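**Q** here is a sequence together with a model predicted from it:
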Amino acid sequence: MGIYLNPGNDGFAEAVRSRIYVDKTGLIKHTNAFLNTNEKFLCVSRPRRFGKSTTLQMLAAYYSRGCVSGRLFAGMDIEKDEMFRLHLNQYDVIFLNMQQFLTGAKSQDVMEYLEQEVLEELLEVYGGLIKKSNAGLADVLRRIYANSGKKFIFLIDEWDCIMRERQESEVLQKKYLDFLRNLLKDQPYVVLAYMTGILPIKKYGRHSALNMFWEYSMTDQNVFEEYTGFTEEEVKKLCGQFHMDFAETGNWYDGYQFRRFQHVYNPRSVVAAMNSGYFSNYWTATETYEALKIYMDMDFQGLRSDLVRMLGGGRVRVNTRSFQNDMYTFVTKDDVLTLLIHLGYLGYDAGNRETFIPNKEIMEEFENAMCTGGWAEVIHVLKMSEKLLEDTLLCDETSVAEGLDRAHMEAASVLTYNDENSLSCAIGLAYYSARKDYKLIRELPSGRGFADIVFLPLPFSQKPALVVELKYNKSADAAIQQIKDRAYTQALEGYAGEILLVGIHYDKDNVNKPHSCVIEKLTYGIN
């Protein structure tokens, strides 16, 4: 067992022995299918806290020659696969953690340091097949293959750390990419190359030095969707095991969305909540809000306005294709939004090409980042939202209208009304604090149409549900009537409790009092 060559199964064994281990071994079925094919080059990027290193430890334990890993996989999903035994512990694995090399190199060239370290182990095992002692890593691997037929699986962790931590050094980045290309591309000794990091592969002009890689990222995980985070069924099982409320778990940590799996949870935060027994923002345990603030303060083409819309529960159209896959080449606001998707601060709906804030945990990160800097107006609106919700629950129509007037005035410099969608985002922002006790749902299908905003109370909140209808150019009474005529309360089928119907009208011509409000209480439950 080596450090880089066939590192063994200790890391995966620790994961399996942990108090919480969710079986993701089904991923191996896909990597087995890619062995020795044109699709054998995989770059799978995910945010921090999404199990990237654990996945590589699993692959190392499964493939590494010299390990005896059968017992570790006993009873797991991959054991049921007919190809399980065929590939188990049958390959030489080279495991490279680029973060360790970047740190360990100190003043030495990173690539030279890496080659020196890995060659030392290769020479111990295959020294008899290598005649040139000063050959480079790729040359040595070619010689081993030529003399023995042995091929290698490459597992590369934190592949993008040079892009993230040496942002200013384009020379170093290009040298690194050229090194990886020489090591992997068109080399006969490569069985599989699985790289993981936060960012997809860096682009330079029209082409990439690593254009042989198939990319699986937070904008499209493809066959790896199920293994990106925890699925809904996995979280339901954990909630039952640890006696935690499933709905509130979703409110805090759900919201990442792919084409087939519409509910993907932040795995580390779910594990932390289950282990501690309470819900909290565990994101800050591994990253401060300052990292987010840097990008929030960039106001490319109205970026600030888009972020406020998303704080209000809205979604923003985004073009992810122009992003250069680094953390400093920004030309448009779409580039910044795409980076935030890859960092996990935003979710992404590939079908509609829209981005959004995924959950309460991330919402708090945005709020923390706004507490300093030029977001004073928005922060004031958020603070006023407690009073607005209180007035709504008291059915105080006058105070609600006045509260919305004040919220609009405060946020007008960042978010302006020009249609009912803009109004909906603004109302969502004004009711920001409601999300402690409610799940906010915009455009909820119900009856004979879509309810503009529904606030569905979380279990044990003991608060009424709110069905909010907005009118940009009609009266608040008309909004209430539309809720009734189109049976919007059918959206709450299965809910039993009090329901408040809230009709809000915005009059753009009335500068002194632009909002009016009508609230009606339903005294019966929906069964």
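**A** Cool, got the structure. Worth saying up front: this structure is predicted, and the values here are computed from it rather than measured.
**Q** residue ranges with poor pLDDT in the protein?
**A** 132-134, 203-208, 285-289, 413, 418, 446-449, 523-527 (pLDDT under 70).
**Q** tell me the contacts of the residue of it most remote from its centre?
**A** Here the chain reaches farthest from its C-alpha mean at K131, the gap being 47.8 Å by C-alpha atoms, centre = their mean. Residues near K131 by C-beta atoms under 8 Å, 6 or more residues apart in numbering: R143. Where C-beta positions appear, they are placed from N, C-alpha and C, glycine not excepted.
**Q** measure it to D139 for me?
**A** K131 sits at a distance of 11 Å from D139 (criterion: C-beta to C-beta, to the nearest Å).
**Q** now swap in F330 and tell me
**A** For F330, the distance to D139 (C-beta to C-beta) stands at 39 Å.
**Q** Q173 too?
**A** If you measure Q173 against D139 using C-beta to C-beta, the figure is 24 Å.
**Q** which outside residues touch stretch 55-73?
**A** Contact with stretch 55-73 is made by 1, 6-9, 11-13, 15-16, 24-25, 27-28, 31, 44, 78-79, 84, 87-93, 95, 153, 155, 157, 192, 194, 196, 227, as judged by C-beta under 8 Å, 6+ apart.
**Q** sort out which of these are in helices and list them.
**A** Mapping the contacts of stretch 55-73 onto helices (DSSP state H) picks out G11, F12, A13, A15, V16, L27, I28, T31, F84, H87.
**Q** hmm, which of the residues you listed are the buried ones?
**A** Buried residues within those, counting neighbours by 16 or more other C-beta atoms under 10 Å: G11, F12, A15, V16, L27, I28, T31, F84, H87.
**Q** who's in contact with the first one?
**A** Taking C-beta under 8 Å, 6+ apart as the definition of contact, the neighbours of G11 are S53, T54, Q57, A60, A61.
**Q** repeat that for 10 Å
**A** Neighbour list for G11: S53, T54, L56, Q57, M58, A60, A61, F95 [criterion: C-beta atoms under 10 Å, 6 or more residues apart in numbering].
**Q** got it, and the fifth one?
**A** Contact analysis of L27 by C-beta under 10 Å, 6+ apart lists 44, 55, 58-59, 62, 77-78, 194, 223-224, 226-228.
**Q** buried subset of those, written for PyMOL?
**A** Buried residues within the contacts of L27, by 16+ other C-beta under 10 Å, are selected in PyMOL with:
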select buried, resi 44+55+58+59+62+78+194+223+224+226+227+228
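**Q** a markdown table for the contacts of L27, including distance to D326?
**A** Supplementary listing: the contacts of L27 in a markdown table, determined by distance: C-beta to C-beta, whole Å:
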| residue | distance to D326 |
| --- | --- |
| V44 | 18 |
| T55 | 23 |
| M58 | 29 |
| L59 | 26 |
| Y62 | 32 |
| D77 | 36 |
| I78 | 35 |
| Y194 | 22 |
| V223 | 26 |
| F224 | 22 |
| E226 | 28 |
| Y227 | 26 |
| T228 | 22 |
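**Q** of the contacts of L27, which is the nearest to E121?
**A** L59 (18.5 Å; C-beta to C-beta).
**Q** name the helix or strand for the closest one, please.
**A** In this structure, L59 is located in helix 52-63 according to DSSP states H and E.
**Q** quick one: buried residues of stretch 261-268?
**A** So for stretch 261-268, counting by 16+ other C-beta under 10 Å, buried means F261, H263, V264, Y265, N266, P267, R268.
**Q** Serialize the residues you listed to CSV and add fields for distance to E233 and secondary structure.
**A** Output for the buried residues of stretch 261-268, formatted as CSV (distance: C-beta to C-beta, whole Å; DSSP: H, G, I helix; E, B strand; the rest coil):
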residue, distance to E233, secondary structure
F261, 10, coil
H263, 9, coil
V264, 11, strand
Y265, 11, strand
N266, 16, coil
P267, 14, helix
R268, 19, helix
